[in-house]
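**Q** Show me how the following folds:
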Amino acid sequence: MACDWFGGQIKNKLVITPDDEDYQQTKRIKRNGTPLESPFRELAAWVSANYVVHVLNVVYDTIEGSRPRLAVVLETEKDAQKFRVPPGNYNENEQKRVKERFETILAEQRDLRFNTAWLLVIFEAFEPVAKLDALWSVTEEEISRLKARLANKDLWKIHRGFDQVTFFFYTRAQVKQYEAAGLRDLYSQEYSCLVRPHDEFGYLEAWNLGPFRFKREF
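**A** Numbers count the residues shown, from 1 in each chain. Model (predicted):
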């Protein structure tokens with residue numbers, strides 16, 4: 001890879017998980033208010049103004065060895081949806097429009113660093129990854145303390161998966177009993193209190209638990 005700018009910088013990854021370097025870079029940009037460099041700054045301003053969205057970052061990289069790709073990192077999933085069509089594919093018209101604007105900015109600035117032939121434009125949302133970041137930041141020690149505080153002898157395990165948290169009981173009967181009693185709402189509130197200190201940008205109002213399960217389903 002010839003370039004190593006990001007975010008104004010050129011990298012070779014996308015916002016995917018909290019461990020991804022591009023997410024970490026975008027998080028620092030949002031946290032510190034770091035301005036993007038040209039030509040990304042101008043493109044971000046144009047997209048924000050024309051689509052009434054908040055662009056946090058713009059990433060230029062290459063895929064499949066040589067194909068250039070431009071990722072517009074929007075703040076929210078609602079923003080990102082403006083660039084998609086059912087069932088979730090990118091809107092080709094908006095891809096073309098953003099590509100043409102990027103090319104115009106490059107021409108105006110006489111910037112020859114970027115290859116735009118066969119440029120793939122994509123749109124990513126920062127918010128869902130930030131929520132995942134908050135979830136992943138909860139430690140096993142914090143989860144153990146919560147389990148002890150709940151003091152439910154029928155609760156076998158609190159398991160944090162990739163993007164959800166599941167409370168496991170010992171038996172199917174216990175699952176039915178506590179679901180019927182509305183305990184999932186109470187435990188969702190308790191787990192939300194655990195996640196909230198890790199929610200740096202305030203995206204999570206509450207964490208809704210998935211259905212209770214029993215031990216043999218683990």
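
**Q** In terms of secondary structure, what does the helix ranked longest in the chain contact?
**A** Secondary structure of the chain per DSSP state H: the longest helix is helix 92-109. Under the contact definition 3 or more C-beta pairs under 8 Å, 6 or more residues apart in numbering; DSSP states H and E, helix 92-109 sits against helix 40-51, strand 67-74, strand 120-125. C-beta coordinates here come from the backbone N, C-alpha and C atoms, glycine included.

**Q** What residue, apart from its backbone neighbours, is nearest the residue nearest to the spatial centre of the chain spatially?
**A** Centrality entry for the chain: nearest residue to the mean C-alpha point is Val129, 1.9 Å, by C-alpha atoms, centre = their mean. Counting by C-beta to C-beta, 6 or more residues apart in numbering, Tyr23 is the residue found nearest to Val129 once chain neighbours are left out, at 5.2 Å.

**Q** need the helices for this protein, in chain order.
**A** 21-32, 40-51, 77-81, 92-109, 127-137, 140-150, 172-180, 183-195.

**Q** I'd like to know how many residues surround the nearest residue to Lys30 once chain neighbours are set aside.
**A** Take Lys30 and drop its neighbours on the chain: the residue closest to it by C-beta to C-beta, 6+ apart is Leu56, 5.6 Å away. A count of nearby residues for Leu56, using other C-beta atoms under 10 Å, gives 24.

**Q** Give me the pLDDT for Leu56.
**A** If you check Leu56, the pLDDT there is 97.

**Q** Kindly report the domain assignment for the protein.
**A** Per automatic domain parsing, the structural domains of the chain span 9-131, 138-217.

**Q** Leu120 and Ala71 touch, don't they?
**A** No - Leu120 is not in contact with Ala71 according to C-beta atoms under 8 Å; the separation is 9.0 Å.

**Q** Neighbour count for the two, which is higher?
**A** Between Leu120 and Ala71, counted using other C-beta under 10 Å, Ala71 has the larger neighbour count: 21 against 16.

**Q** ok, the more buried one - contacts?
**A** 14-15, 22, 58-61, 121-124 (C-beta atoms under 8 Å, 6 or more residues apart in numbering).

**Q** what are the bridge partners for it, then?
**A** Beta-bridge partners of Ala71, counted by DSSP bridges, are Val59, Ile122.

**Q** one step back: indicate which one of the helices and strands packed on helix 92-109 is closest to Glu92.
**A** Nearest to Glu92 among those is strand 120-125; the distance by C-beta to C-beta comes to 9.6 Å.

**Q** Poorly predicted segments of the protein, please.
**A** Residue ranges of the chain with pLDDT under 70: 1-15.

**Q** if we can go back for a sec, could you redo the contacts of Ala71 as TSV and give each row distance to Gly210?
**A** Below are those laid out as TSV (distance: C-beta to C-beta, whole Å):
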residue	distance to Gly210
Leu14	27
Val15	24
Asp22	28
Val58	35
Val59	32
Tyr60	38
Asp61	34
Val121	34
Ile122	29
Phe123	28
Glu124	25
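
**Q** Identify the farthest-apart pair in those residues.
**A** Asp22 and Val121, at 15.7 Å, using C-beta to C-beta across the contacts of Ala71.

**Q** Could you find the closest non-adjacent residue to Ser48?
**A** Per C-beta to C-beta, 6+ apart, closest to Ser48 is Val55, 4.9 Å.

**Q** Could you dump the helices and strands packed on helix 92-109 into a markdown table and include distance to Gln189?
**A** Shown next, in a markdown table, are the helices and strands packed on helix 92-109 (distance: least, C-beta to C-beta, whole Å):
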| stretch | distance to Gln189 |
| --- | --- |
| helix 40-51 | 36 |
| strand 67-74 | 30 |
| strand 120-125 | 26 |
